[in-house]
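Colleague: Fold the stuff below for me.
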Amino acid sequence: MISSKKIAIVIPCYKVEKHIAQVIIEIPESVDYIIAVNDCSPDSTDVILSNLATTNSKLVYLKHHINQGVGGAMITGFQKAIELEVDVVVKMDGDGQMDIKYLTNFINPILEDKADMTKGNRFRNVITIKKMPIVRRLGNIGLSFLTKASSGYWNIFDPTNGYLAIRVDVLKNLEFSQLHKRYFFESSLLNELYFTEAVVKDIPMDAKYADEKSNLSITKVLFEFPPKIFRAIFKRLFYKYFFNDFSIGSIYLIFGVPMMFIGLWFGFSNFIKYVNLHQAAPTGTIIIPTLLITLGFQLLLSFVNFDVGNYPRK
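Modeller: Residues are numbered from 1 along each chain as shown. Okay, here's the model as predicted:
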């Protein structure tokens, strides 16, 4: 670990009685604070953390009396880290999946002013990908693309990865009320970071999969994530391209979206009309929607190209 900056690790704890003690024991001495947040876990996590707090002076033990989700636990941890006046906060889960050997890799880019936040990427190593359960692999690929679109951070992959480090000065500029308190937390954090123009960097890592069980259900992913992601997309596009700024990307959207929808509506409605009349559609009726759809598609493609290259870099 370089520099004398203060480092804190926040660990949201829920049903981690089998792993939490080992996770805390493995944290190196160079870390100044370990903030464990018990999110009203129904197992023996409370007993384990209470005992550890009596022997580990760096362990700051916080408890929720009502379960708030991983995001709620992290918000509590972030607030405590700001109160303790640390410089960098690292998020690690208490289930043992996040290898402590990568800690320096996450922290150093922030201390060297190369990033405001670093995130783990489990997809850089083909061997690691093969070890990942197939459901998680497919789910993460799909969510990764949607989260890129909603957050604007097209330069990163595996954005739902919970292993991350962030500069506390950046945290102070976030509205914690806008962060989702449950499983959408990591994505909502990226969405809000975009408005602060924070630089986010990928950190290659392996994940450890043993006997731990994920608390995230497929149903929640399929039915709860998409509406939140699409709302985040519209919010980002509005603030980025119309409210806070106006650029060539704004022009692409202003003309591209109406052209596409008008062309599709005009073409489809006339197709139905002439099918019902059993007549061939006039040439102009075919050419007009074709031109509108083609031009609209080209403008939207130009917008995507512009947006992909317009993520925060400095």
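Colleague: now stretch 120-137: mean pLDDT?
Modeller: For stretch 120-137, the mean pLDDT works out to 72.
Colleague: okay, how far is it across that stretch, tip to tip?
Modeller: 15 Å (Cα to Cα, to the nearest Å).
Colleague: Leu295: helix or strand, and which one exactly?
Modeller: Leu295 belongs to helix 283-308 when elements are defined using DSSP states H and E.
Colleague: What helices and strands are in contact with that helix?
Modeller: Using 3 or more Cβ pairs under 8 Å, 6 or more residues apart in numbering; DSSP states H and E as the contact criterion, the neighbours of helix 283-308 among helices and strands are helix 248-277. Every C-beta, even on glycine, is put in place using the N, C-alpha and C of the backbone.
Colleague: Go through the helix it packs on and flag the buried ones.
Modeller: The neighbour-count criterion (16 or more other Cβ atoms under 10 Å) identifies Gly249, Ser250, Tyr252, Leu253, Gly256, Met259, Met260, Gly263, Gly267, Asn270 as the buried residues of helix 248-277.
Colleague: how far off helix 283-308 does it point, in degrees?
Modeller: Orientation of helix 248-277 against helix 283-308 (axes from the mean of the first three to the mean of the last three Cα atoms, to 10 degrees) gives an angle of 150 degrees.
Colleague: Please state the offset of helix 248-277 from the chain centre?
Modeller: Chain-centre distance of helix 248-277: 33 Å, with Cα atoms, centre = their mean, to the nearest Å.
Colleague: for stretch 163-175, same thing?
Modeller: Distance of stretch 163-175 from its chain centroid, counting by Cα atoms, centre = their mean, is 13 Å.
Colleague: Over to stretch 137-147?
Modeller: Taking Cα atoms, centre = their mean, one finds stretch 137-147 lying 11 Å from the centre of the chain it belongs to.
Colleague: buried stuff in that stretch?
Modeller: By 16+ other Cβ under 10 Å, the buried positions in stretch 137-147 come out as Gly139, Asn140, Leu143, Ser144, Leu146, Thr147.
Colleague: and these as JSON lines, adding distance to Arg167?
Modeller: Rendered in JSON lines, the data for the buried residues of stretch 137-147 read as follows (distance: Cβ to Cβ, whole Å):
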{"residue": "Gly139", "distance to Arg167": "29"}
{"residue": "Asn140", "distance to Arg167": "25"}
{"residue": "Leu143", "distance to Arg167": "25"}
{"residue": "Ser144", "distance to Arg167": "23"}
{"residue": "Leu146", "distance to Arg167": "26"}
{"residue": "Thr147", "distance to Arg167": "21"}
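Colleague: Quickly find the element holding Leu62.
Modeller: With the criterion set as DSSP H and E, the secondary-structure element containing Leu62 is strand 59-63.
Colleague: before we move on, what about Val89?
Modeller: strand 88-91.
Colleague: and that strand, what's its mean pLDDT?
Modeller: Strand 88-91 shows a mean pLDDT of 97.
Colleague: Now intersect the buried residues of stretch 137-147 with the helices, please.
Modeller: When DSSP state H is applied, the buried residues of stretch 137-147 are split such that Gly139, Asn140, Leu143, Ser144, Leu146, Thr147 fall in helices.
Colleague: With adjacent residues omitted, what lies nearest to the last one?
Modeller: Put plainly, it is Thr147. Pro159 (4.1 Å; Cβ to Cβ, 6 or more residues apart in numbering).
Colleague: Could you check the pLDDT of Gln298?
Modeller: Turning to Gln298, the model gives it a pLDDT of 96.
Colleague: wait, what's in contact with the residue nearest to it when sequence neighbours are not counted?
Modeller: Sequence neighbours aside, Gly256 is the residue nearest to Gln298 in space, at 7.8 Å (criterion: Cβ to Cβ, 6+ apart). Going by Cβ atoms under 8 Å, 6 or more residues apart in numbering, Gly256 touches Leu295, Gly296, Phe297, Gln298, Leu299, Leu300, Ser302, Phe303.
Colleague: Could you identify the buried members of those?
Modeller: In the contacts of Gly256, burial by neighbour count holds for Gly296, Leu299, Leu300, Ser302, Phe303, counting by 16+ other Cβ under 10 Å.
Colleague: Turn those into a markdown table, including distance to Gln97.
Modeller: Formatted as a markdown table, the entries for the buried ones among the contacts of Gly256 read as follows, by distance: Cβ to Cβ, whole Å:
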| residue | distance to Gln97 |
| --- | --- |
| Gly296 | 44 |
| Leu299 | 43 |
| Leu300 | 39 |
| Ser302 | 41 |
| Phe303 | 37 |
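Colleague: which one of these is nearest Lys235?
Modeller: Lys235 has its nearest neighbour among the buried ones among the contacts of Gly256 in Phe303, at 16.6 Å by Cβ to Cβ.
Colleague: thinking that closest one is in contact with Leu253, fair?
Modeller: Yes: applying Cβ atoms under 8 Å as the test, Phe303 and Leu253 come out as touching, 5.7 Å apart.
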